[in-house]
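Engineer: Kindly generate the corresponding structure for this input.
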Amino acid sequence: MIQIDPRSAAPIYEQIIEQLKILCLKGVMKPGDKLPSVRELATIIIANPNTVSKAYKELEREGIIETLRGRGTYVTEEAQLKLNEGKVLEMKEQ
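Structural biologist: Model prediction:
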């Protein structure tokens, strides 16, 4: 699912954010899909839970994911739209 490159110049939390966005754009993760908990993902990718939490908070701020207390973290219904808008803006800038 998510692979971290320890040799990359990009911080781990940015790699997590980017890879989750790519998974959503490719349709691997669909709206309503549940993400692993912070501790589960930290264990899977061998990272500090605070790093994963930082990535999740940023994705939540961007409206890509939402955390429902006591139920978990899910991809939002608007995630695809927001990511597509971001790609269009990125292409226009280039």
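Engineer: ok, which stretches of this structure are strands?
Structural biologist: Taking DSSP state E to define them, one finds strands in the chain at 34-35, 65-68, 72-75.
Engineer: Which neighbours in the sheet does the shortest one have, and how are they oriented?
Structural biologist: When you say that, I think you mean strand 34-35. Using DSSP bridges, the strands paired with strand 34-35 are strand 72-75 (antiparallel).
Engineer: So for the strand it pairs with, what gets flagged as buried?
Structural biologist: Going by neighbour count (16 or more other Cβ atoms under 10 Å), the buried part of strand 72-75 is 73-75. C-beta coordinates here come from the backbone N, C-alpha and C atoms, glycine included.
Engineer: Could you tell me how far that strand lies from the centre of the chain?
Structural biologist: Computed by Cα atoms, centre = their mean, to the nearest Å, the chain-centroid distance of strand 72-75 equals 10 Å.
Engineer: What lies in contact with it?
Structural biologist: 24, 29-35, 37, 56, 64-68 (Cβ atoms under 8 Å, 6 or more residues apart in numbering).
Engineer: mind running it again at 10 Å?
Structural biologist: 20, 23-24, 29-38, 41, 56, 59-60, 64-68 (Cβ atoms under 10 Å, 6 or more residues apart in numbering).
Engineer: circling back: possible to save the strands of the chain as TSV with distance to I45 and mean pLDDT?
Structural biologist: Shown next, in TSV, are those (distance: least, Cβ to Cβ, whole Å; pLDDT from 0 to 100):
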stretch	distance to I45	mean pLDDT
strand 34-35	13	96
strand 65-68	16	94
strand 72-75	15	95
